[in-house]
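Student: Build me a structure from this.
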Amino acid sequence: MPPYIAREAYKLWKRIVMELMLELKILSEKWKLLLLAIIFQYVHGIAAKVAHYLHQPGRILPDIGFRFLPELGRERAYISETLFTFVFVTFFLWTFHPFVFHNKRFYTVLVWYRVLATLVVAQCLRIMSFLSTSLPGPNYHCHEGSPSATLAPPKSISEVVFLNFPYGVIFGCGDLIFSSHMIFTLVFIWTYQKYGTKRWIKRLAWLVSVVLSLLIIASRKHYTVDVVVAWYTVALVFYFVDRQLSDSDISERSSGPLLPLRGKDSRSKEEMHKLMNGVSTGDATDWRQRTQDTSVDSLANGNAV
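Tutor: Model prediction:
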């Protein structure tokens, strides 16, 4: 191996180890809440399965999106799932990029802490919505006569708590208002909107979210109202969670900017950051001005003596 490549590989490995130690320290403080949020994903799956038990196939409701967007059909239903998978994977990888690149603006654990908190709140609202009113599923596998349109009454509790993943997710019925795919997509995009740095990626992400919305409707996986409700509900939930979770508990390093802070916490963290680097907490111009004033006063006092 050439010396240059070996040297760069060593630097990369050293950086990954350093980031891992920092992230593990934060994880040791946040793991309980993160674990609860991950467990809630299972609870959300159970609620969706209950909605499938309650689902009664029937006539598809009038929908303006169905009128203007032709149905993709069973053969092309994979298109929306493929795009959603791309969004999920790219966001997941982006949250771990501080382990490799130097432009660190956040800690991975804290970003996922916020993402999962937002998902839980949005999914709670979703569960209350689709369990309150059961609508006939518009997708082909939810039509009357389809073997997957209804589930036989469970004979034991184990049938309810067992999730047939991913079949149960792909061929579920009844959990319509509002779209779970759009919840994940919009939470990811709003997160990148706040912590991402590339403007062109932000614009592309919003374009992808619009395309995915249209594909979900064209695939007949959701009614148009499911997608519309997801758009404004996720935005409101993200804003609410962002206001409730302060960034003041983040331990800053002296090597670069991290999550933005607010108010007095931001000022105190900035001052500590400067002190750690041997810089005065005041503005550089004010510092130079105070130095000059002190020098002038010293000379004046010396001359007076």
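
Student: mind listing the helices for this structure?
Tutor: 3-54, 64-68, 78-95, 108-132, 157-161, 167-170, 180-195, 199-218, 224-244, 263-276, 284-304 (DSSP state H).

Student: and the shortest one, what's its mean pLDDT?
Tutor: Put plainly, it is helix 167-170. For helix 167-170, mean pLDDT is 75.

Student: so what secondary structure elements neighbour that helix?
Tutor: helix 3-54 (3 or more Cβ pairs under 8 Å, 6 or more residues apart in numbering; DSSP states H and E). Where C-beta positions appear, they are placed from N, C-alpha and C, glycine not excepted.

Student: tell me which strands and helices the helix it packs on is in contact with?
Tutor: If you count contacts as 3+ Cβ pairs under 8 Å, 6+ apart, helix 3-54 packs onto helix 108-132, helix 157-161, helix 167-170.

Student: Nearest approach to His102 belongs to which of the helices of the chain?
Tutor: Smallest distance to His102 across the helices of the chain (Cβ to Cβ): 7.9 Å, for helix 3-54.

Student: so what's the nearest residue to Ile183 once chain neighbours are set aside up against?
Tutor: The shortest distance from Ile183 to any non-neighbouring residue, by Cβ to Cβ, 6 or more residues apart in numbering, is to Ala122 (4.9 Å). Shown in contact with Ala122 (Cβ atoms under 8 Å, 6 or more residues apart in numbering): 183, 187, 233-234, 237.

Student: and the gap between Val115 and Thr185?
Tutor: Here the criterion is Cβ to Cβ, to the nearest Å. By it, Val115 lies 12 Å from Thr185.

Student: So which of these two has more stuff around it?
Tutor: More crowded of Val115 and Thr185, by other Cβ atoms under 10 Å: Thr185, with 24 against 20.

Student: That one is in contact with Leu215, isn't it?
Tutor: No. Thr185 lies out of contact with Leu215 (Cβ atoms under 8 Å); the separation is 11.0 Å.

Student: picking up where we left off before, which residues are in contact with both of Val115 and Thr185?
Tutor: By Cβ under 8 Å, 6+ apart, no residue touches both Val115 and Thr185.
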